[in-house]
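**Student:** next one to model:
(4 chains)
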Protein chains: 2
Amino acid sequence: MALRGELQTGGIVRDGLSRQVADQLRAAIVEGRLKVDDRLPNEDGLAQHFGVSRATIREALKILAAQNLIRSRRGPAGGTFVSRPDPQGLGSAIADAAMLLVGTGDIGMEDMLTARAETEAVCCRLAARARTADDLAALRAELALQRDPTLRDEEFCASDLRFHRALVQATHNPPLKLMMYAVIESFIPVTNMLIYRDHERRLSVDLHEAITDAVAAGDGPRAAELMARHLEGMRGLLTATLDRRAAGPAV
Amino acid sequence: MALRGELQTGGIVRDGLSRQVADQLRAAIVEGRLKVDDRLPNEDGLAQHFGVSRATIREALKILAAQNLIRSRRGPAGGTFVSRPDPQGLGSAIADAAMLLVGTGDIGMEDMLTARAETEAVCCRLAARARTADDLAALRAELALQRDPTLRDEEFCASDLRFHRALVQATHNPPLKLMMYAVIESFIPVTNMLIYRDHERRLSVDLHEAITDAVAAGDGPRAAELMARHLEGMRGLLTATLDRRAAGPAV
DNA sequence: ATTAACCTATTTGTCAGACCTTTTAATCTT
DNA sequence: AAGATTAAAAGGTCTGACAAATAGGTTAAT
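**Tutor:** Numbers count the residues shown, from 1 in each chain, chains lettered A, B, ... in the order given. Below you'll find the predicted structure:
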């Protein structure tokens, strides 16, 4: 068996049998004693193994499930299994948390635009080297959409998001993709919300197109420079918007 | 009350009253209906409100607690409270998951070094502009440690980690810090483990020192270039190590 | 023989109620 | 007024039961 079973019950234990069980199971997973798709003992078995009640085991399993480490199914062939870690799930968790940090003001607009400019410039450079024909097609498909002047703002922002997603994808670099989830799923929506009210679409699309061309040509530095200019323009819009709001509290 | 209460109980619901409760509470938090440090009703109250048992409520709360959205304390003045989202907790979650992704081979060494080189170069550029005297002191403290030739490999790696952490800190850019958690807490330890067996410490420290000096001088481009060279050197070590292992399966 | 319907065992999901432990605050004692 | 005692509130755990889903085997009908 790949599980150990000593829970601290006396001494300086800060409450939490379920936490301790979760920690032990997590350790078993990250240390490889439990491999992907391994099946854990059923809940009664775990309860017996750890010497706690089934309710406690279930709380522990919920913790691990919330961290995308395990999944459960009912039925005879069911049970609890170690999950393959998926960047998707992790990404949305990052995005959620980043959204909260923005909401509480722990992350400011200025810094966000700086981080976007720098990291997306990196993506441009790498994409220029690694992009495939499919990547370029995906980028251009979004450009075509964005040229449509009848597109609603909402749809435009969604397309913008997909454009940046495709750009990250074009780097074909998994760890970078992981890091960029925070930008793509959280920072971009937030910045767009504040900025695209000013209908600066055309300028934006022109820059997107220039970036795509540079990526297509394999000219990383130029693509990066264009992206930096793009974000610099947004920074200008931001300060303008804030000034206007500060001056006239209209409507 | 900031909570709604309609749970789907019939139809195409894929199991999970506890999941639904957690989702509703999470929504209330991210949409701001529940603010930081707000106190939720007690578990019996929540059970009544959602029309489920207390066990189900507890499982839901464990899910949210695992995502660092709430915390609980016992006693009369206790209860369940909305947590201030902390980058720390999120960072370790990212690091855990990234570690797993590395373990399963979903993330390769080559790509990791590329991502490190690019993103840490970004940090160099920003740090050169924003670093304070304290930041420089922290960087130089680690350098002094690393000069000690009697330092064990383990300690050296820990100091290296702190150096890079301090570099990120010196950017004073919260969103970037958030993104760099994956690099700092996961990618760096993994790369170090594979590479510092070859005792290339001196070269490494020299580059670290040059980077620090460039950051101190406010010369971002030079710091970034040095960092890129540093990582390029590690890439060379990596291929050498792999070649040697492929050739001689010694010991 | 093949298919459809049914049963059954296994496993997670939920419930109800009880008791334990921790913590705070009010009360009592000195 | 200071300290000790106690009661109440809240989360933490346990127990035992039942509900629901599901894979697999069994039976009945075609």
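
**Student:** which pLDDT does the model give A:Tyr181?
**Tutor:** Note for A:Tyr181: predicted pLDDT of 84.

**Student:** go on, the one 5 residues further on?
**Tutor:** pLDDT for A:Ser186: 84.

**Student:** for the one 5 residues further on, same thing?
**Tutor:** In the prediction, the pLDDT value recorded for A:Thr191 is 82.

**Student:** doesn't A:Leu237 make contact with it?
**Tutor:** No: the criterion here is Cβ atoms under 8 Å, and A:Thr191 misses it with A:Leu237 at 9.6 Å. Glycine gets a C-beta too; all of them are placed from N, C-alpha and C.

**Student:** more neighbours, these two?
**Tutor:** A:Thr191 (23 against 19; other Cβ atoms under 10 Å in any protein chain shown).

**Student:** check for me that A:His172 belongs to a strand.
**Tutor:** No: using DSSP: H, G, I helix; E, B strand; the rest coil, the assignment for A:His172 is coil, not a strand.

**Student:** doesn't A:Phe81 lie inside a strand?
**Tutor:** Yes: assessed by three-state DSSP, A:Phe81 belongs to a strand.

**Student:** bridging residues for it?
**Tutor:** A:Arg39, A:Arg71 (DSSP bridges).

**Student:** how much space separates it from B:Glu200?
**Tutor:** With the distance defined as Cβ to Cβ, to the nearest Å, A:Phe81 ends up 42 Å from B:Glu200.

**Student:** next one: A:Leu64
**Tutor:** 39 Å.

**Student:** and these two? Which one has more around it.
**Tutor:** A:Leu64 (24 against 14).

**Student:** so what's that one up against?
**Tutor:** A:22, A:25-26, A:29, A:70, B:66 (Cβ atoms under 8 Å, 6 or more residues apart in numbering or on different chains).

**Student:** ok, of those residues, which one's closest to DNA strand D?
**Tutor:** A:Ala22 (10.3 Å; Cβ to the nearest atom of the strand).

**Student:** now that closest one: which helix or strand?
**Tutor:** Here A:Ala22 sits within helix A:17-30, counting by DSSP states H and E.

**Student:** which residues touch the helix or strand of chain A with the lowest mean pLDDT?
**Tutor:** Across the helices and strands of chain A, mean confidence by mean pLDDT, DSSP states H and E is lowest for helix A:188-195: a mean of 77. Contact partners of helix A:188-195, identified using Cβ under 8 Å, 6+ apart, comprise A:99, A:102, A:109, A:112-113, A:116, A:157, A:160-161, A:164, A:234, A:237-238, A:241.

**Student:** mind listing what's buried along that helix?
**Tutor:** The neighbour-count check on helix A:188-195 (16 or more other Cβ atoms under 10 Å in any protein chain shown) flags A:188-192, A:195 as buried.

**Student:** and the next helix or strand past it?
**Tutor:** Past helix A:188-195, the next helix or strand by DSSP H and E is helix A:201-216.

**Student:** what's the angle from that following helix to helix A:188-195?
**Tutor:** If you take axes from the mean of the first three to the mean of the last three Cα atoms, to 10 degrees, helix A:201-216 sits at 150 degrees to helix A:188-195.

**Student:** what angle sits between the helix or strand that comes right after helix A:201-216 and helix A:188-195?
**Tutor:** Per DSSP H and E, the first helix or strand lying C-terminal to helix A:201-216 is helix A:220-247. For helix A:220-247 against helix A:188-195, the angle by the same axes, to 10 degrees is 50 degrees.

**Student:** helix A:220-247 and chain B in contact?
**Tutor:** No: contact of helix A:220-247 with chain B (Cβ under 8 Å from any Cβ of the partner chain) is absent, the minimum separation being 10.4 Å.

**Student:** what is that helix packed up against?
**Tutor:** helix A:109-130, helix A:188-195, helix A:201-216 (3 or more Cβ pairs under 8 Å, 6 or more residues apart in numbering or on different chains; DSSP states H and E).

**Student:** now do the very next helix or strand once past the first one: everything it contacts.
**Tutor:** Taking DSSP H and E as the definition, the helix or strand that follows helix A:109-130 towards the C-terminus is helix A:133-147. In this structure, residues lying in contact with helix A:133-147 by Cβ under 8 Å, 6+ apart are A:127, A:151, A:155-156, A:159-160, A:162-163, A:166-167, A:169-170, A:201, A:204-205, A:208-209, A:212, A:215-216.

**Student:** that older thread, for the contacts of helix A:188-195, which one is nearest DNA strand D?
**Tutor:** For the contacts of helix A:188-195, the nearest to DNA strand D is A:Met99 (25.7 Å; Cβ to the nearest atom of the strand).

**Student:** ok, the closest one - contacts?
**Tutor:** Counted by Cβ under 8 Å, 6+ apart, A:Met99 has contacts A:186, A:190, B:30.

**Student:** one step back: of the contacts of helix A:133-147, keep whichever come out buried.
**Tutor:** For these, buried by 16+ other Cβ under 10 Å: A:127, A:156, A:159-160, A:162-163, A:166-167, A:169-170, A:201, A:204-205, A:208-209, A:212, A:215-216.

**Student:** from DNA strand D, how far out is A:Lys62?
**Tutor:** Noted for A:Lys62: a distance of 12 Å to DNA strand D, by Cβ to the nearest atom of the strand, to the nearest Å.

**Student:** what are the buried residues along the helix or strand hosting that residue?
**Tutor:** Element membership of A:Lys62, judged by DSSP H and E, is helix A:54-66. Neighbour counts over helix A:54-66 (16+ other Cβ under 10 Å) mark A:56-66 as buried.

**Student:** could I get the contacts of A:Met99 as JSON lines with distance to DNA strand D?
**Tutor:** Formatted as JSON lines, those follow (distance: Cβ to the nearest atom of the strand, whole Å):
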{"residue": "A:Ser186", "distance to DNA strand D": "30"}
{"residue": "A:Val190", "distance to DNA strand D": "32"}
{"residue": "B:Val30", "distance to DNA strand D": "21"}
